[in-house]
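J.: sequence unknown, structure follows:
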């Protein structure tokens, strides 16, 4: 119940719902000819948030503030005892394959994780439960690793619903196997939060971030100020990470 309550709050507090609610509230007040300044402030806030998460230059800047952990090095990889790949969502059913498939975010992590698994020979743990019901994300990930990359996951963590759960349940499995140092694979923007959660569970974490949104070096000129669909997608994920970091800090404050 707590997980679904968190998801409801998250949906209402993040784009695209939040700016739409602010704009709608502002227009509602305007139509009633009351609190005109408040109405205009709400509309302006809604428009500002919409622009913030849809303009490439702004999204790249915000992503860069999150992506503070650099790519993993060969020397760091030598210290790892296991490779942990975090789930990032899935398609409940992919008719062209005949089974569930990872969404684009999980697939980005799997592609990089598979490359590191081949390079290092480390055993692999995939972690992800069933936030939306159905097949656990880790089972889907294991299937894709086996059938598409020729890699067999040694451990599947199937109970987690969020990053905190990923860390807690994965740490339990790994410690029973005698593993204390892990190479952790997730998105660069998600890595600071993930490293914190896994470290809190007593694991030594070697961060192996992938999908650096701020790595896009294409010259944008003034087009970087024009909202794009790809920027909206990245912007939602970036704002989601800022919200996650805020929740993490509040949890530490009140725990």
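T.: Received the coordinates, thanks. Note that the coordinates shown come from a computational prediction; the quantities given were computed from them, not determined experimentally. Residues are numbered from 1 along each chain as shown.
J.: Hmm, residue 61 and residue 238 touching each other?
T.: No - with contact defined as C-beta atoms under 8 Å, residue 238 and residue 61 do not form a contacting pair (9.6 Å). All C-beta atoms are positioned from the backbone trio N, CA, C, and that covers glycine.
J.: Out of these two, name the residue with the larger neighbour count.
T.: Taking other C-beta atoms under 10 Å, residue 238 and residue 61 do not tie; residue 238 has more neighbours (27 against 12).
J.: What strand or helix carries that one?
T.: Applying DSSP states H and E as the criterion places residue 238 in helix 229-254.
J.: what comes up buried for that helix?
T.: Judged by neighbour count (16 or more other C-beta atoms under 10 Å), helix 229-254 contains these buried residues: 231-241, 244, 247-248.
J.: Could you dump the residues you listed into JSON lines and include pLDDT and distance to residue 166?
T.: Putting the buried residues of helix 229-254 into JSON lines (pLDDT from 0 to 100; distance: C-beta to C-beta, whole Å) gives the following:
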{"residue": "231", "pLDDT": "86", "distance to residue 166": "27"}
{"residue": "232", "pLDDT": "87", "distance to residue 166": "26"}
{"residue": "233", "pLDDT": "86", "distance to residue 166": "22"}
{"residue": "234", "pLDDT": "88", "distance to residue 166": "22"}
{"residue": "235", "pLDDT": "87", "distance to residue 166": "24"}
{"residue": "236", "pLDDT": "86", "distance to residue 166": "20"}
{"residue": "237", "pLDDT": "87", "distance to residue 166": "17"}
{"residue": "238", "pLDDT": "89", "distance to residue 166": "20"}
{"residue": "239", "pLDDT": "88", "distance to residue 166": "20"}
{"residue": "240", "pLDDT": "87", "distance to residue 166": "15"}
{"residue": "241", "pLDDT": "92", "distance to residue 166": "15"}
{"residue": "244", "pLDDT": "87", "distance to residue 166": "12"}
{"residue": "247", "pLDDT": "83", "distance to residue 166": "15"}
{"residue": "248", "pLDDT": "83", "distance to residue 166": "13"}
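J.: I'd like to know which of those residues is nearest to residue 114.
T.: For the buried residues of helix 229-254, the closest approach to residue 114 (C-beta to C-beta) belongs to residue 237, at 21.8 Å.
J.: would you list every one of the helices in this structure?
T.: Ranges of helices in the chain, per DSSP state H, are 2-13, 17-31, 36-52, 56-66, 74-77, 104-120, 137-149, 163-176, 191-200, 229-254.
J.: Report the distance from the fifth one to the chain centre.
T.: Looking back up the chat, that one is helix 74-77. Between the centre of helix 74-77 and the centre of its chain there are 24 Å (C-alpha atoms, centre = their mean, to the nearest Å).
J.: All good on my end, thank you.
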